[in-house]
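1. Return a 3D structure for these sequence lines:
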Amino acid sequence: MILYKTLDKTSDQILHQTFIEAFCDYEIKVDLPFWKFQQMLQRKGYHPEISIGAFQNEALVGLALNGLRNWNGKTTAYDIATGVVPECRRKGITSSMFLHIKEFLKEKQVEQYLLEVIDSNQPAIELYQKQNFRNQRELSCFLLNKNQFVPRKNHEVEEVDRIDLEQMKGFWDYKPSWQNSVESINAVPEAFIYLVVKCDNAIVGYGVIDKKTGDIPQMAVKKEYRGNGIASSIMAEMVQVTEAEEICVINVEAQQKSVENFLLKSGFAYDGGQFEMLLNL
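-> The predicted model follows:
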C-alpha cells in the first residue's frame, strides 16, 4: 500500500537518497552530491509543506519536490523534481502525487504550477498534458568544455561582491527561467561569482557564474553597448574564474537567436531543449 504525505518531516538525507535512486537511469546523467542537492533545494525555493512523498512500508519511494514564490505577479509553485524509484514505477504513483499536490496548492490559494520537462521525454510530457499543463515556451541548453575555450577579451572585467540584479532587468532580452531568476540567485548568493564591465562608473554588462559548477544563470549587456566585445570579455573571465571543467548555460529562450549565436560562436554546443509548462489552478 502506498501512502502519500507532505515532506515536512522527511530529512534532506532521505530526500537525497530517494532522488538519486529515482533519477539513476535518467536520460541526462544526474551528478548531484548531497551539498549540491541541498543548494538546489535552497536555490529553487523548496517548500516541504507543499511537496509530496510516496511511502511504501514507511520507505520513501517517490517524491515531488516543490518551490513556492511569486511568478509573473501570481503565487506560483514550481516542480523542482518529480521521480519514482525504478521498482515502483508504472503503478500510477506520479499521477497520484500530482492529484495530492493540486489539492494542497488549492488549499493554500496557490494560483499556478510551473515546471520544465526535457523536450524528448514524451511520456512525461503526455503525463503533464493529462494534468492540464500547457506549454509556455521552448528553452535551450548549452555546454562548453573549458579546455576547448578560446578566450576573446578586450574589455576590463571587474569582480564585485554582489550585483543589484533588479537593476539589471533592462538589459534582458527575455525573462530568466525559475532556476535562473533573481530570486534563485539571491537565495544562495555565496555560490556565485559576480562580474561586471563598466563605462563611466556605470555597469554596461554583467555575468553571474557558479563558483563550483560552472552554471551561468544570468549574463547580459546593455543594448546600446552590444557588438563591441563586452559579452565575450565577460564570458572569458567567467570561464577562467569557475572551478568547473564544463560551463553550462541552461534555459535560454529558444526564440532568442542572438543569444544562441553568441554561445555557439563562443564554443558552446547545443545540449538539448526543454519545455516550460504551466498549470492554472
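2. Could you look up the SS state of the most centrally placed residue in the chain?
-> Taking CA atoms, centre = their mean as the criterion, Q179 is the residue nearest the geometric centre of the chain, at 3.2 Å. Three-state assignment for Q179 (DSSP: H, G, I helix; E, B strand; the rest coil): helix.
3. How about it: what's its closest non-neighbour residue?
-> Excluding its sequence neighbours, the residue lying closest to Q179 (CB to CB, 6 or more residues apart in numbering) is K44, at 5.7 Å. The C-beta positions use only the backbone N, C-alpha and C, and glycine is treated the same way.
4. Now for the one you found: which residues touch it?
-> Residues counted as contacts of K44 (CB atoms under 8 Å, 6 or more residues apart in numbering) are G67, Y78, I80, W178, Q179, S184, A187.
5. Report the contact partners of the fifth one.
-> Taking CB under 8 Å, 6+ apart as the definition of contact, the neighbours of Q179 are R43, K44, P217, I250, N251.
6. Ok, the first one next?
-> Contact criterion CB under 8 Å, 6+ apart gives K44, G45, Y46, H47, A77, Y78, I80, W178 as the residues in contact with G67.
7. wait, which of the contacts of K44 is closest to Q13?
-> Of all these, Q13 sits closest to I80, with 16.8 Å by CB to CB.
8. That closest one: helix or strand, and which one exactly?
-> I80 belongs to strand 74-84 when elements are defined using DSSP states H and E.
9. Show the average pLDDT along the following helix or strand past that strand.
-> Note on strand 74-84: by DSSP H and E, the next helix or strand toward the C-terminus is helix 93-107. Model confidence over helix 93-107, given as mean pLDDT, is 92.
10. Give me the contacts around helix 93-107.
-> Here helix 93-107 has contacts from 2, 4, 6, 49-52, 54, 61-64, 66, 77, 82, 84, 113, 127, 130-131, 279, 281, using CB under 8 Å, 6+ apart.
11. Only whichever of the residues you listed are buried, select them in ChimeraX.
-> A single ChimeraX command is used to select the members of those judged buried by 16 or more other CB atoms under 10 Å:
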select :4,6,50,51,52,54,61,62,63,64,66,77,82,84,113,127,131,279,281
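12. L144 pairs with what?
-> The partner list for L144 in beta bridges (DSSP bridges) reads I247.
13. Please name the residues that touch it.
-> For L144, the residues meeting the contact criterion (CB under 8 Å, 6+ apart) are V239, E246, I247, C248, L263, S266, G267, F268, A269.
14. Please name the residues that touch P86.
-> Residues in contact with P86, defined by CB under 8 Å, 6+ apart, are E21, A22, C24, D25.
15. if you set the cut-off to 6 Å instead, what comes out?
-> With CB atoms under 6 Å, 6 or more residues apart in numbering as the criterion, no residue contacts P86.
16. Next, find the distance separating it from I93.
-> Between P86 and I93 the distance is 12 Å, computed by CB to CB, to the nearest Å.
17. pLDDT (mean, whole number) over the one helix or strand A220 maps to?
-> Taking DSSP H and E as the criterion, the element that holds A220 is strand 218-221. Strand 218-221 shows an average pLDDT of 98 in the prediction.
18. thinking again about what came up before, out of the contacts of helix 93-107, name the ones that lie in helices.
-> L127, K130 (DSSP state H).
19. can you count the residues close to the closest residue to D173 other than its chain neighbours?
-> Once its chain neighbours are removed from consideration, D173 has its nearest residue in Q256; the separation is 5.4 Å (CB to CB, 6+ apart). The local packing count at Q256 equals 14, with neighbours defined by other CB atoms under 10 Å.
20. Right, I'll call it a day here.
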